[in-house]
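> return a 3D structure for these sequence lines:
(4 chains)
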There are 4 protein chains.
Amino acid sequence: GEPLAVIAGPCQAESYDMCVEVGTAMRDRCAELGLGYIFKASFDKANRSSIHTERGPGIEAGLELIAKVGQTLGVPVTTDVHEPHQATAAGEVIDLLQIPAFLCRQTDLLVAAAKTGKAVNVKKGQFLSPAEMKNVVTKLTEAGCTNQMLTERGTFFGYHRLVNDFAGLYDMSQLGWPVCFDVTHSTQNPGGAGTSTGGRPECAPTLARCAVAASVQALFIETHPNPSEAMSDAATMLPVPQVVELLGELAKLHAVVSGS
Amino acid sequence: GEPLAVIAGPCQAESYDMCVEVGTAMRDRCAELGLGYIFKASFDKANRSSIHTERGPGIEAGLELIAKVGQTLGVPVTTDVHEPHQATAAGEVIDLLQIPAFLCRQTDLLVAAAKTGKAVNVKKGQFLSPAEMKNVVTKLTEAGCTNQMLTERGTFFGYHRLVNDFAGLYDMSQLGWPVCFDVTHSTQNPGGAGTSTGGRPECAPTLARCAVAASVQALFIETHPNPSEAMSDAATMLPVPQVVELLGELAKLHAVVSGS
Amino acid sequence: GEPLAVIAGPCQAESYDMCVEVGTAMRDRCAELGLGYIFKASFDKANRSSIHTERGPGIEAGLELIAKVGQTLGVPVTTDVHEPHQATAAGEVIDLLQIPAFLCRQTDLLVAAAKTGKAVNVKKGQFLSPAEMKNVVTKLTEAGCTNQMLTERGTFFGYHRLVNDFAGLYDMSQLGWPVCFDVTHSTQNPGGAGTSTGGRPECAPTLARCAVAASVQALFIETHPNPSEAMSDAATMLPVPQVVELLGELAKLHAVVSGS
Amino acid sequence: GEPLAVIAGPCQAESYDMCVEVGTAMRDRCAELGLGYIFKASFDKANRSSIHTERGPGIEAGLELIAKVGQTLGVPVTTDVHEPHQATAAGEVIDLLQIPAFLCRQTDLLVAAAKTGKAVNVKKGQFLSPAEMKNVVTKLTEAGCTNQMLTERGTFFGYHRLVNDFAGLYDMSQLGWPVCFDVTHSTQNPGGAGTSTGGRPECAPTLARCAVAASVQALFIETHPNPSEAMSDAATMLPVPQVVELLGELAKLHAVVSGS
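Purely as a prediction, here's the structure:
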């Protein structure tokens, strides 16, 4: 059967040591289960609800930290970029550039990411139909990107709620590129907690199982040694041990679905 | 692991012979796979888009036909009821009474169904949150119903489109009764085809797999020897051979999910 | 310019005296402002969230009460019907039969209402596009109804929230029949208060003004001498004095919009 | 009563002559009706559906052109900015900086706009509840912006459709800043026309009337001498003569609503 990849790591690159701790646990578990693994962390949270919340180490120190974690672990790394100049800088040291959902239609950002020659993973905007991602794919392709991935992270479903449209995921899978399912952001309740985003982490295992059953090629999971103390996305990140256990279940499901 | 039940049959009870043909294929396949089976057909389609479309054999002939199919096949049967007096009549010969989604809040209908002493399966309205089904459960319980099932068949997601909220399904499963997933109606595009309802049957296998991965206790599938000639729901019913094949895949998935 | 009609009254026909009190205030205010007036009350609330909540006087006593209020006030009356036999009975004494939103696609109910020869007002289901009301209009017309009205009372907009689509209202107005705007039910938060429906009555004046600006032919408003003590819809009914004041503002707005 | 302002102009700054032509018509009509007027044009369309479509004159030439139009007409001007450095540049010559809906949560962009000392108009994201705009207002305020406006331009309502929630507009008006209603973008059908956005311009007058009835302080309207030949937003821009006529109607409505 087809392989399944896991993109996992903390929301923010809070420290080198913490990143290595989380990344080691994920890398070893994925190796054990025959799953691919890509380390993920953000150097900057550019659209947080409040101006006062922690945004991360910034681009220079952050990219250096993430790249070093990748070298230490011996795995590819990914991070999200928010402006064209960030894409260019990240393209020097990062393997997979991630375009955030709110920015998935910003032509200059897509073109800058494509021009790095690196793989590009675009999260579908909460305001877009899966079929409209065809326009995103075309923009990237015409700017020279030959390695794309499209990520489902929930669609607007009334105020303070997202929904994952698995029938729509089917449409997105017809666009010719691998599809990733963002487990933890799909459990967000946007604006559900006043100046920060709420969440329903108890639904994460169900949604992850649905995604594997729907034959996605990759899963995206934010995980932290202690989610309640995380500098961002505390409401949705999963504890490392829970992800370790969940991955075992998902690998078995994937084996049945992919016929291996 | 827990058993999985399949509710399957044509949309309308078009004829005794056709019902037996479809029911036999479903019964035999479910037996082979260790799945429970309940035969389903409607005696009346009470809310069709147009007044001119075929509505079925009517209550008296219809209930008799469905009950006879159940006896011939040696399986329990289910049908949908739309007014209190229909519930009472159906309660005489039908094992599982189904309350349609549009009518899931009609107190008199729920009470009449509960008073039959039979099992009652309520489809969640397209306009309701899964948690609001608690009110339905309470109404049934207070009217004496001790055997309930709740069915997900899609929630309004903009004009002409439904979505299945699998995170919401998690909520509905916390209400204390088995949850059923209606595969074929979930693929409807309401009003998407002018005076009739359109559909996306190509998404049915994906949605069915998601539902099994989400640990539902039952699946509801409308199937027909020749969907394009069906008297109703032609846009979403699946051909019998496709359902036979799909059930094999779903049984394997269920075995992994339920740990059996 | 075109006239504007007001359908107003308490949710439930709680008592004859209370109905006459509310109806007198509404009738006199509408006369003063040059607005049409129809008295509204329900004899039964058939789809309440809980089985324990008050449902009203029942069909026989209720229809008699409502008809008597109409005679006393010298105005036409309207009430909602939920099953075909209720439509037939109401057709004897009621001027305008109202089909509830959840039931707007029940063919038998529409046909029974049409066959009474009385005017029929159908509320658009929360799960329907305005254009799909064409199917409802066709069913009524083919069953002989020559006097129809279509009412907007909100469309599903995520769990526990409705939205009024005024661009859609435009579509509904193209179907050839007068359009009514249900001010108070549009402010409901379905299931927003556990076993009962919550509401945002503070938005009612804004929505009513929008509806008049959008050129509706009628407004529907539930009003009560003391909403907090109402037997149903306490969360959304408006106090009588507030409606009296609001109607003055709306009449002025209507005069400008209709060019009179 | 309170004054009403109109922000109007072509989508793109296609040429100086065309901008002056459109702006003159709008300025004169607004003066005649006692309405405020701000000229609007974009120097760059940064998130168009396709990479091949015309994007405008670019930032340097575009800002110069728009500022010159403002001087010629003797009116304030506005344009939209997409990255922090654009905000800074625009702040030199533009009176009112507009933050696009997709970018309304990008902290760096909001801060850069605030730091210019100019007025800032933020369009509510299609994925945000009106109440969440509080976070945007707080970010701007804390970055020193003392002159803000919030614009409603539609909320996601299923694939390919937006809805204007006028009850939500009420919430947004409680945040302490003037509210603007974007008439023409509210009629978009996103992705409704394949590689470009479709629209329903026939609904624009209805929505504009509703907005005035809902007491907004400003209207935003894109208008063009010949919409079908426009370089962008051809599906939704209104012809200049239609806007001239519509403004007359809206001014009358505003006079009644504002009690002047």
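> ok, the residue of the stretch 151-260 of chain A found nearest chain C - how many residues close by?
Closest residue of the stretch 151-260 of chain A to chain C, CB to the nearest CB: residue A:158 (1.0 Å). Just so you know, the C-beta spots here come from the backbone N, C-alpha and C atoms, and that holds for glycine as well. Applying other CB atoms under 10 Å in any protein chain shown, we find 21 other residues in the vicinity of residue A:158.
> just checking, it touches residue C:189?
No - between residue A:158 and residue C:189 there is no contact under CB atoms under 8 Å: 11.1 Å.
> give me the common contacts of the two.
The contact sets of residue A:158 and residue C:189 overlap at C:160-161 (CB atoms under 8 Å, 6 or more residues apart in numbering or on different chains).
> and the helix or strand hosting residue A:198, how far out from the chain middle?
Assigned by DSSP states H and E, residue A:198 belongs to strand A:196-199. Centroid separation for strand A:196-199 versus its chain: 17 Å, with CA atoms, centre = their mean, to the nearest Å.
> then stretch A:78-93?
On CA atoms, centre = their mean, the centre of stretch A:78-93 falls 15 Å from that of its chain.
> quick one: end-to-end length of that stretch, please.
10 Å (CA to CA, to the nearest Å).
> contacts for that stretch next, please.
With contacts defined as CB under 8 Å, 6+ apart, stretch A:78-93 is touched by A:7, A:13, A:38-44, A:46-47, A:59-60, A:62-64, A:66-67, A:94-100, A:103, A:108-109, A:111-113, A:115-118, A:121, D:83-84, D:106, D:108.
> what parts of the stretch 51-200 of chain A come near chain B?
A:157, A:163-170, A:186-187, A:200 (CB under 8 Å from any CB of the partner chain).
> of those, just say which sits nearest to residue C:149.
residue A:157 (31.8 Å; CB to CB).
> the closest one against residue C:156, yeah?
No - counting by CB under 8 Å, residue A:157 sits too far from residue C:156 to count as a contact (10.3 Å).
> and the helices in the stretch 151-260 of chain A?
All helices of the stretch 151-260 of chain A, identified by DSSP state H, counting those that start in this stretch, fall at A:166-173, A:204-213, A:240-257.
> quick one: low-confidence residue ranges for the stretch 1-150 of chain A.
A:1 (pLDDT under 70).
> what residues are up against the residue in it positioned nearest to chain B?
For the stretch 1-150 of chain A and chain B, the shortest gap (CB to the nearest CB) falls at residue A:129, measuring 9.4 Å. Each residue near residue A:129 by CB under 8 Å, 6+ apart is listed here: A:168, A:171, D:159-160, D:191.
> what ranges does chain A have for its strands?
A:5-9, A:36-40, A:77-80, A:96-99, A:119-123, A:148-152, A:155-156, A:162-163, A:179-182, A:188-193, A:196-199, A:218-224, A:238-239 (DSSP state E).
> the last one and chain B in contact?
No - Strand A:238-239 lies apart from chain B when judged by CB under 8 Å from any CB; the minimum separation is 14.7 Å.
> what does that strand contact?
So strand A:238-239 is contacted by A:183-184, A:201, A:204, A:221-227, A:246 (CB under 8 Å, 6+ apart).
> let's see it at 6 Å
A:204, A:223, A:227 (CB atoms under 6 Å, 6 or more residues apart in numbering or on different chains).
> cool, and the first one?
Contact with strand A:5-9 is made by A:22, A:26, A:30, A:35-41, A:78, A:218-221, A:223, as judged by CB under 6 Å, 6+ apart.
> in ChimeraX, select just the buried ones from those.
A single ChimeraX command selects the buried members of the contacts of strand A:5-9 (16 or more other CB atoms under 10 Å in any protein chain shown):
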select /A:22,26,30,35,37,38,39,40,41,78,218,219,220,221,223
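> any idea how far the spatially most central residue of chain A lies from residue C:112?
Residue closest to the average C-alpha location in chain A (CA atoms, centre = their mean): residue A:220, at 4.4 Å. Per CB to CB, to the nearest Å, residue A:220 is found 54 Å from residue C:112.
> again with residue A:187
On the measure of CB to CB, residue A:187 and residue C:112 end up 47 Å apart.
> between those two, point out the one with more neighbours.
Using other CB under 10 Å as the criterion, residue A:187 and residue C:112 rank with residue A:187 on top: 26 against 23.
> that one touches residue A:202, doesn't it?
No - Residue A:187 lies out of contact with residue A:202 (CB atoms under 6 Å); the separation is 8.1 Å.
> neighbours around the residue of chain A found nearest chain B, how many?
At 3.6 Å from chain B, residue A:213 is the closest residue in chain A, using CB to the nearest CB. By other CB under 10 Å, the residues close to residue A:213 number 28.
> nearest to chain D among the helices of the stretch 151-260 of chain A would be which one?
Nearest to chain D among the helices of the stretch 151-260 of chain A is helix A:166-173 (7.9 Å), distances taken as CB to the nearest CB.
> now do stretch A:191-203: distance from first to last residue.
18 Å.
> same question for stretch A:150-164.
Start-to-end, stretch A:150-164 (CA to CA) is 14 Å.
> could you list the buried residues of it?
A:150-164.
> list the contacts for residue A:140?
Contacts of residue A:140 by CB under 6 Å, 6+ apart are A:110, A:114, A:120, A:148.
> thought the residue nearest to the centre of chain A was touching residue A:182?
Yes - counting by CB under 6 Å, residue A:220 touches residue A:182, with 4.2 Å between them.
> what residue in the stretch 1-150 of chain A comes nearest to chain C?
Closest point on the stretch 1-150 of chain A to chain C, by CB to the nearest CB, is residue A:126, at 12.5 Å.
> for burial, what's the neighbour tally of the residue nearest to that residue when sequence neighbours are not counted?
With sequence-adjacent residues excluded and distances taken as CB to CB, 6 or more residues apart in numbering or on different chains, residue A:126 is closest to residue D:127, at 4.3 Å. Close neighbours of residue D:127, defined as other CB under 10 Å, add up to 25.
> got the phi/psi numbers for residue D:127?
phi -110, psi 10 (degrees, to the nearest 10).
> related to what we said a few turns ago, pLDDT for the contacts of residue A:129 - can I get that in CSV?
Shown next, in CSV, are the contacts of residue A:129 (pLDDT from 0 to 100):
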residue, pLDDT
A:168, 95
A:171, 92
D:159, 96
D:160, 95
D:191, 87
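> stretch A:32-43 vs chain D: in contact?
No - for stretch A:32-43, no contact with chain D is found by CB under 6 Å from any CB of the partner chain; the gap never falls below 13.4 Å.
> got the contact list for that stretch?
So stretch A:32-43 is contacted by A:3-7, A:9-10, A:12-13, A:19, A:23, A:26-27, A:30, A:56-57, A:59, A:62-63, A:66, A:69-70, A:75-80, A:247, A:251 (CB under 6 Å, 6+ apart).
> just the buried ones from the residues you listed?
Using 16+ other CB under 10 Å, the buried ones in those are A:4-7, A:9-10, A:12-13, A:19, A:23, A:26-27, A:30, A:56-57, A:59, A:62-63, A:66, A:69-70, A:75-80, A:247, A:251.
> what about residue A:226, neighbour count?
With other CB under 10 Å as criterion, residue A:226 counts 11.
> cool, and residue A:173?
19.
> excluding its backbone neighbours, what's nearest it?
residue A:179 (5.0 Å).
> that neighbour bridge partners, please.
residue A:150 (DSSP bridges).
> quick one, what contacts it?
With CB under 6 Å, 6+ apart, residue A:179 has these contacts: A:150, A:172-173, A:216-217.
> list the buried residues of stretch A:249-260.
Buried, per 16+ other CB under 10 Å, within stretch A:249-260: A:249-251, A:253-257.
> near chain C, which of those residues show up?
Okay, of these, nothing touches chain C (CB under 6 Å from any CB).
> how about these in TSV, adding distance to residue D:234 and pLDDT?
Listed next are the buried residues of stretch A:249-260 as TSV, based on distance: CB to CB, whole Å; pLDDT from 0 to 100:
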residue	distance to residue D:234	pLDDT
A:249	51	97
A:250	47	98
A:251	50	98
A:253	48	97
A:254	46	97
A:255	51	96
A:256	50	95
A:257	45	95
